[in-house]
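[1] Sequence and predicted structure are below.
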Amino acid sequence: MRSVIILFPGTNRSRDMTMAIRRVSPHAPRLVRHHETDLPATDLIVLPGGFAYGDYLRAGAMAARAPVMRAVVEQARRGVMVLGVCNGFQVLTEVGLLPGALMRNAGLAFTCRTVTLDVATTSSPFTAGYGAARTITLPVANNDGNFHADEETLDRLEGEDLVALRYVDPTLSNGSVRRIAGILNPERTVLGLMPHPENAIDRETGGEDGLVLFRSLAGLFR
Amino acid sequence: MTEQEAGITEELAAEHGLSAQEYRRIPEILGRTPTLTELGIFSAMWSEHCSYKSSRRWLRTLPSEAPHVIQGPGENAGVVDVGDGLAAVFKIESHNHPSFIEPRQGAATGVGGIMRDVFTMGARPIANLNALRFGDPDHPRTRHLVSGVVSGIGGYGNCVGVPTVAGEVNFHPAYNGNILVNAMTVGLARTDRIFRSAAHGPGNPVIYVGARTGRDGIHGATMASAGFSEEAEARRPTVQVGDPFVEKLLLEACLELMAEDAIIAIQDMGAAGLTSSSVEMAGKGGLGMELDLDAVPVREEAMTAYELMLSESQERMLMVIRPEAERTARGIFRRWELDFAVIGTLTTTGRLTVSRKGRVEADIPIDPMVDQAPEYDRPWTATPMPAPLDADAVPAPDSTRQALETLITSPDLASRRWIWEQYDWMVMNDTLGEPGGDAAVVRVRDTTRALALTVDCTPRYCAAHPETGGAQAVAEAWRNITATGARPLAITNNLNFGNPERPEIMGQLVGCIAGMRRAARELGFPVVSGNVSLYNETDGEAILPTPVIGGVGLLDDISRRAVLRIANAGEILVLVGETTGWLGQSLYLREVIGREDGAPPPVDLASERANGDLVRALIADGLVTACHDLSDGGLVVAVAEMLIASNGVGAELNNETGLPLHSFLFGEDQGRYLLATPGPGEVIVRARSARVSTAVIGRTTNDGLLTPDSDSPIPVDVLRSLHEAWLPRYMQGG
């Protein structure tokens, strides 16, 4: 699988993401910085976690306007897979590749913990590998993980089976509406999620449930 | 003489924190009256904070050498060899005073400063730790301070993307007017690529990189000046404000440049900003430096030389680079959108010459300023050893269960989850397990190794008898590292005390250092970096003496380590180390009986070492399935903590020591570990041949009950929810 990791100033989980991709693919991801206007040919574009531009103004808002994002949107429209994790999910909503918005956590504090999630759909290239094992454990680490969208959008997301992940315990969802932790675009080629699959890739640290997502993707591009 | 110099008096010097005697040395060194800028530079360099004038003679007595030590005290951070061509670079530093005034920014900039100390040396930070002391939970400011400090620490480290992996927090009324915020950073560097601050090569450019300079934090290292009333408004001293986003950029840019052969010397601008960094770099290299302050990137208008030299604006670095590398260096910093300015050159004059708008504002011979910095042998009186408590004088609790519940819900022992869930402890993918164990274990990427990291101090022991307390703090750090299976390597220390001009306070400092020295030497645990914070007192009320020890250990193989969590029922609990039921200065005495007295538990370093070496060997040989050191609250609290970290496992304890049950359960004898093992036979044989005292004190069960004696089984689930509930409830105001 050829992959590209986008680096904004303030991105801080690119190393973690690189580690995860290296576990499933012999090809090291290419790192592409925010001011680039072209992307190399790739199967997957990743927007990793962090605090792009310090999250000043609003999480993801300035990153969405970085030069590289025009190329990301263009590639996404052509069907290239896009994975946005945490800050990356925030950027995807800001740039309009996914609906909704991520607001300040309901508890008004940064939250770093392991949460249990339901894989709400396995019919996506990201989640296909979860098969029958639909309850997984992934870490979250964010300040703005409180997913919101209007009722109509939420109904559409559910109606089209675009909710990818849900928090099992509503008290650990940082306030996210309908317990939503991750969503897909209608073409099912873009996934945004708050939990960090790249921090759950070995038993010694956060478990291995995140690795399944990367394996699912890599399996498509052998 | 200019108009400005005419105003330089002993009074003005006193407002800068210099005594009359100290001030008189300045004209002697200069051969004339100093300018205001020069007075500012001298006062900063001779402040307690920068010169260590009260503590230096005592700090020198600490052992700092070992074969694995690459860099001891005197640089930005200590460096030890961890194998595979890699080195651990680490230091702890206080940010106490600013954190009391403005807890969020004070704590945040403390974290930022210590991370810069570490990456200045060429290391990528891989872990942050912190040691916090707050006042009485019932004090009206405490809740606000806890909330601000925690969000400041988290906000900074989380944004930079360095995991905060461990810490300690105590509450005591002695900190009502002076909280302590000590931040530690550990980084990894290549042993052949350690950067230092001594500048070389006259003519080489001096480069300023990072954030721009404003008027924040002027006099952070000395005292606020109110001398020039007409200028007072313009010289508003403020707490520094941190920008972790800029720190992240600065970190990446510096590491990128360090991979090139460009940097000759580098120093972060911490306390006393441009002053201390320029003096440090030129002084250590035996050179001089000319600075053109007009070239300093600024974010405020019309700053004077005085202000520019003393500003403590954050996220700035000073470097000397090879002239031919200037283009490359400039390109890197431009790409990271950071300021890069040549602000001076190295000279052979041995003088620091500072000009502003074509005028020389300071011209100081560096060596005399550094060599003639004041150093004091302040009078001190030793704290006498309190009489040991008579065992019969400490009553048994009404119920063991109640006493245990009181302890594990007490402010000093309740779960810290509310705090560490606000810290990103997992970023970088190398933190093994959640925070809350004896020492955090962080992998050394691409090797089988890991670092074991801890911060420790028991101030109530230090207050009762400083020498014992100082030794205990070092021993506990050593023990916490050992309990994971790792080999303790070296320590960094943060000495927090009251006013050293009071002999009893100076006596606490001298005593704690004596204890630390003894323990560091006998445990082979040298001090490689540190920081001293004095004058932590309000209205003559000093804090408890708090010499915080940050310890670093090395685990050769992460598959051979021990954790708190007990996996299985039917295992045997073996207590390593001697139990005498010592209740003096124990948490049981304070929290359950309501007294703070007696002598602290003695620290027997020979048995400490023997016990620890045995435990480490047992873990390495795979004979131990879980391990915990015994500290605050004694044996039964250690068992409770292990069961709370486990899943459905219980334990039954037997007291066959002949001691009263409460001193068996709650005594705080030092040098002890609790092990879970399926094979106690071999453990005991090995202990005997190592002449280490062990006792089988119980076994693990599958009933989910902690049974300290046959009468009082306590459901672990109940203990867990009590333990978890205190801090969140307190923070909600309940």
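    Thanks, I have the structure now.
[2] In this structure B:Met45 contacts B:Gly273, no?
    No - counting by CB atoms under 8 Å, B:Met45 does not reach B:Gly273; the two are 11.8 Å apart. Placement of C-beta: from N, CA and C, glycine included.
[3] which of the two has more neighbours?
    The residue with more neighbours, out of B:Met45 and B:Gly273, is B:Gly273; 28 against 24, by other CB atoms under 10 Å in any protein chain shown.
[4] Touching, the more buried one and B:Arg316? I think so.
    Yes - using CB under 8 Å, B:Gly273 is in contact with B:Arg316, at 7.2 Å.
[5] which residues are common contacts for these two?
    Common neighbours of B:Gly273 and B:Arg316, counting by CB atoms under 8 Å, 6 or more residues apart in numbering or on different chains, are B:Thr213.
[6] what's the helix or strand where B:Gly113 lies packed up against?
    Element membership for B:Gly113, per DSSP states H and E: helix B:103-119. Judged by 3 or more CB pairs under 8 Å, 6 or more residues apart in numbering or on different chains; DSSP states H and E, helix B:103-119 is in contact with strand B:86-94, helix B:96-101, strand B:124-134, helix B:142-160, strand B:180-190, helix B:244-258, strand B:263-268.
[7] can we see that at 7 Å?
    Here helix B:103-119 touches strand B:86-94, helix B:96-101, strand B:124-134, helix B:142-160, strand B:180-190, helix B:244-258, going by 3 or more CB pairs under 7 Å, 6 or more residues apart in numbering or on different chains; DSSP states H and E.
[8] for the residue of chain B found nearest chain A, what are its contacts?
    Minimum separation of chain B from chain A (CB to the nearest CB) falls at B:Gly161, amounting to 2.6 Å. With contact set as CB atoms under 7 Å, 6 or more residues apart in numbering or on different chains, B:Gly161 has these partners: A:12-13, A:50, B:248, B:427.
[9] what bits of the chain have low per-residue confidence?
    In the absence of a named chain, chain A is used. When residues are selected by pLDDT under 70, those of chain A lie in A:133.
[10] I was after chain B.
    Ranges of chain B meeting pLDDT under 70: B:1-6, B:220-238, B:734.
[11] Near chain A, which residues of it are found?
    Chain B comes close to chain A at residues B:151, B:154, B:158-161, B:245, B:248-249, B:337, B:421-429, B:431-432, B:558, as judged by CB under 7 Å from any CB of the partner chain.
[12] B:Thr347 against B:Leu291, yeah?
    No - in this structure, B:Thr347 is not within contact of B:Leu291 by CB atoms under 7 Å, at 10.5 Å.
[13] Mind checking which of these two has more residues around it?
    When neighbours are counted by other CB under 10 Å, B:Leu291 comes out ahead of the other of B:Thr347 and B:Leu291, with 26 against 17.
[14] Tell me if I am right that the more buried one is in a strand.
    Yes - according to DSSP: H, G, I helix; E, B strand; the rest coil, B:Leu291 belongs to a strand.
[15] burial measure for the nearest residue to it once chain neighbours are set aside, as a count.
    Spatially, and ignoring its direct neighbours in sequence, B:Leu291 is nearest to B:Gly344 (4.0 Å; CB to CB, 6 or more residues apart in numbering or on different chains). Here the number of neighbours of B:Gly344 (other CB under 10 Å) works out to 27.
[16] from the chain's centre, how far out does the helix or strand encompassing B:Gly344 sit?
    According to DSSP H and E, B:Gly344 maps onto strand B:339-347. In this view, strand B:339-347 has its centroid 32 Å away from the chain centroid, taken as CA atoms, centre = their mean, to the nearest Å.
[17] Would you mark the buried spots in it?
    By 16 or more other CB atoms under 10 Å in any protein chain shown, the buried positions in strand B:339-347 come out as B:339-341, B:343-347.
[18] what comes into contact with that strand?
    The contact list for strand B:339-347 (CB under 7 Å, 6+ apart) reads B:199, B:201-210, B:212, B:282, B:287-292, B:295-297, B:320, B:329-330, B:333-334.
[19] mind listing what residue 145 touches?
    Defaulting to chain A. A:Gly145 makes contacts with A:102, A:105, A:174, A:176, A:194, as judged by CB under 7 Å, 6+ apart.
[20] Chain B, not that one
    Contacts for B:Leu145 (CB under 7 Å, 6+ apart) come out as B:103, B:134, B:179.
[21] Distance check, the residue lying closest to it once chain neighbours are set aside against B:Pro435.
    Distances taken as CB to CB, 6+ apart place B:Pro103 nearest to B:Leu145, at 4.9 Å, with adjacent residues excluded. As judged by CB to CB, to the nearest Å, B:Pro103 and B:Pro435 stand 21 Å apart.
[22] which one of the two has more residues nearby?
    Neighbour totals were compared for B:Pro103 and B:Pro435, and B:Pro103 leads with 25 against 21 (other CB under 10 Å).
[23] mind listing the strands for chain A?
    A:3-7, A:30-33, A:44-47, A:81-85, A:101-103, A:111-119, A:135-142, A:146-148, A:163-167, A:180-184, A:190-193 (DSSP state E).
[24] where's B:Glu499 relative to B:Leu534, distance?
    Let me fix one detail, which is that residue B:499 is Asn and not Glu. Applying CB to CB, the value for B:Asn499 to B:Leu534 is 7 Å.
[25] Mind checking which of those two has more residues around it?
    Applying other CB under 10 Å to B:Asn499 and B:Leu534 shows that B:Leu534 carries more neighbours, namely 23 against 15.
[26] Verify the stated contact: the more buried one with B:Glu48.
    Yes - shown here, B:Leu534 and B:Glu48 form a contact pair, counting by CB under 7 Å, at 5.6 Å.
[27] For chain A, which residues are neighbours of chain B?
    Residues of chain A lying near chain B (CB under 7 Å from any CB): A:9-10, A:12-13, A:15-16, A:19, A:50-51, A:53-54, A:109-113, A:139, A:141, A:199, A:204-206.
[28] starting at the chain centroid, how far to stretch B:570-579?
    Centre-to-centre, stretch B:570-579 and its host chain are 32 Å apart (CA atoms, centre = their mean).
[29] Apologies, that question was intended for stretch B:539-546.
    Computed by CA atoms, centre = their mean, the separation of stretch B:539-546 from the middle of its chain amounts to 18 Å.
[30] do the same with stretch B:44-57
    18 Å.
[31] Buried ones in it, by neighbour count?
    So stretch B:44-57, judged by 16+ other CB under 10 Å, has buried residues B:44-55.
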